[in-house]
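> below are the sequence and a predicted model; questions follow.
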Amino acid sequence: MAAMAQNVLGGELETCGTDPMTGFFRDGCCETGGDDTGVHTVCSRVTAEFLEFSASRGNDLRTPHPEFGFTGLKPGDRWCLCADRWVEAHEAGFAPSVVLEATHAKTLEWVNLDELRKFAV
């Protein structure tokens, strides 16, 4: 049996969100693997400011893309963000809050736990 993925707190990775369905594998979890070049590991509760910031960086998460089963995000939705995008948003002052129990441990390669705790839901 495969080991369960760990969150940044050292516990079992919890579900981030299922409405809309998030995660690189679209299973609701911020799990990652070799094909996930974006490293979608940060479970965030997105804000209007973050969505605007992301769109300004070329990744419009607000616009629905039904051809991919994507309904678009609105403020308050939980979404697995790329670790480097969360760091970029943090450095620009637009980082959304983080659900630590649902944020994959691999995120710690980009940002330390003390910093993540400042944004914990």
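Alright, I've got the coordinates.
> hmm, Ile119 is touching Val98, no?
Quick fix: residue 119 is Phe, not Ile. Yes. Between Phe119 and Val98 a contact is recorded at 4.6 Å, counting by Cβ atoms under 8 Å. Backbone N, C-alpha and C define where each C-beta goes, glycine included.
> higher neighbour count, those two?
Higher neighbour count among Phe119 and Val98: Val98, with 25 against 19, using other Cβ atoms under 10 Å.
> just the strands in the chain please.
Using DSSP state E, the strands assigned to the chain run over residues 40-45, 78-82, 97-98.
> what angle do strand 40-45 and the second one make with each other?
Computed with axes from the mean of the first three to the mean of the last three Cα atoms, to 10 degrees, the direction of strand 78-82 lies at 140 degrees from that of strand 40-45.
> quick check: mean pLDDT across strand 78-82?
Mean pLDDT, strand 78-82: 97.
> for it, which strands pair with it and how are they oriented?
Strand pairing for strand 78-82, using DSSP bridges, gives strand 40-45 (antiparallel).
> quick one on the thing from earlier: closest one to Gly23 among the strands of the chain?
Gly23 lies closest to strand 78-82 among these, at 4.9 Å (Cβ to Cβ).
> how distant is that closest one from the center of its chain?
On the basis of Cα atoms, centre = their mean, to the nearest Å, strand 78-82 sits 2 Å off its chain's mean C-alpha point.
> what sits up against that strand?
Strand 78-82 is contacted by residues 16-17, 20, 22-24, 29-30, 38-46, 61, 73, 96, 99, 102 when judged by Cβ atoms under 8 Å, 6 or more residues apart in numbering.
> can I have the buried ones of the residues you listed as a PyMOL selection?
Of those, the buried ones go into a single PyMOL selection, burial set by 16 or more other Cβ atoms under 10 Å:
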select buried, resi 16+17+20+22+23+24+29+30+39+40+41+42+43+44+45+46+61+73+96+99+102
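> below-threshold pLDDT in this structure: ranges please.
The model of the chain has pLDDT under 70 over residues 1-3.
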